[in-house]
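K.L.:
I would like the atomic coordinates for the input below:
(4 chains)
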Number of protein chains: 2
Amino acid sequence: MNIGHAADASGVSAKRIRYYEQIGLIDAATRSGAGYRVYNERDLHALRFIRRARQLGFSISQIDTLLALWRDRKRSSADVKKVALAHVDDLRRKIDELQSMVDTLEDLATRCDGGPRPDCPILVELQGVES
Amino acid sequence: MNIGHAADASGVSAKRIRYYEQIGLIDAATRSGAGYRVYNERDLHALRFIRRARQLGFSISQIDTLLALWRDRKRSSADVKKVALAHVDDLRRKIDELQSMVDTLEDLATRCDGGPRPDCPILVELQGVES
DNA sequence: CTTGACCTTCCCATGATGGGAAGGTATATG
DNA sequence: CATATACCTTCCCATCATGGGAAGGTCAAG
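P.N.:
Numbering: from 1, shown residues only, chains lettered A, B, ... in the order given. Down below sits the predicted model:
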């Protein structure tokens, strides 16, 4: 199976597949006589795994860890859970940060009449209270 | 006032100040005889404005727009509000995306016992249901 | 005059991609 | 067999906003 077919079958673009190989997230594919990368079902499994982990927001290096655990029959589920919960913490922190931006902006926007006149509490806030 | 002083006074690092100048977000600073950038209070106002806007998550190009509105005495508050609300929409979309990752991961983690055995619904989910 | 704290420009790196050029290959059709 | 076109390869550049650091110039104090 060529890279284009593997891309279609896995949902991971050919560009990404080459990138993942380059950074060592996946093993270098075997090559055909002409130098084309060749993939098998096992490779597809890994690519789909990566795609789904990316969809859940894991970083490449977290996925590297998860792939190693996935392949390790002697893993403990505790290790997997730890990675996942650390990621959940990151996500929550990010959400809180974004939410507080939203809260501030919503408040300011509510107090901005949105009419043709220039006065706007949003700009006042950004300008800061410089006496 | 040299760039280091301006950085301290505005809360924007010297590196960032140079970057903002380079990309045209702020005007090129006047230079001293030796070629040092020189800043005044007006420049500090703009830098603080930028810092606060960044803290609210606005992109550089949105800030460019906001700065132009800020300086335009004939602006309408509607234009400012529009930029802010568009950004709020972006933030909300991002939050929803992250929240759905959290929801999925929390559910999986709850169902993972976190003990020494390898079985883990998190990995099962990532692996996908390939019969 | 030297020291140290500034400043300058320039290049490189981040993370995870996408775009695209230049050139080789595989396959189907005329 | 020639050609078209649909692949593939590597390589370089761009994103976004920022930090790090090198090499070298400047300024103030001792």
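K.L.:
please count neighbours and contacts with C-alpha atoms only from this point.
P.N.:
Fine.
K.L.:
what's the closest non-adjacent residue to residue A:117?
P.N.:
By the measure of Cα to Cα, 6 or more residues apart in numbering or on different chains, the closest residue to residue A:117 outside its immediate chain neighbours is residue B:76, 4.8 Å from it.
K.L.:
ok, that neighbour touching residue A:114?
P.N.:
Yes. Taking Cα atoms under 8 Å as the definition, residue B:76 is a contact partner of residue A:114 at 7.4 Å.
K.L.:
picking up where we left off before, OK, contacts around the residue nearest to residue A:117?
P.N.:
A:114, A:115, A:116, A:117, A:118, A:119 (Cα atoms under 8 Å, 6 or more residues apart in numbering or on different chains).
K.L.:
ok, the closest residue to residue A:29 other than its chain neighbours to DNA strand D distance?
P.N.:
Once flanking residues are discounted, residue A:29 sits nearest to residue A:37: 5.5 Å by Cα to Cα, 6+ apart. Taking Cα to the nearest atom of the strand, to the nearest Å as the measure, residue A:37 falls 4 Å from DNA strand D.
K.L.:
run through the bridge partners of residue A:37.
P.N.:
Bridge pairing for residue A:37 (DSSP bridges) gives the partners residue A:31.
K.L.:
give me the number of residues near it?
P.N.:
Neighbour count for residue A:37, taken as other Cα atoms under 10 Å in any protein chain shown: 17.
K.L.:
thought it was touching residue A:6?
P.N.:
No. Here residue A:37 lies out of contact with residue A:6, judged by Cα under 8 Å, at a distance of 9.8 Å.
K.L.:
what's the distance between residue A:128 and residue B:45?
P.N.:
As for residue A:128, its distance to residue B:45 is 9 Å (criterion: Cα to Cα, to the nearest Å).
K.L.:
okay, these two: which has more neighbours?
P.N.:
Neighbour count, other Cα under 10 Å: between residue A:128 and residue B:45, residue B:45 has more, with 17 against 13.
K.L.:
now do the SS call for that one.
P.N.:
helix (DSSP: H, G, I helix; E, B strand; the rest coil).
K.L.:
please name the nearest non-neighbouring residue to it.
P.N.:
Sequence neighbours aside, residue A:127 is the residue nearest to residue B:45 in space, at 7.0 Å (criterion: Cα to Cα, 6+ apart).
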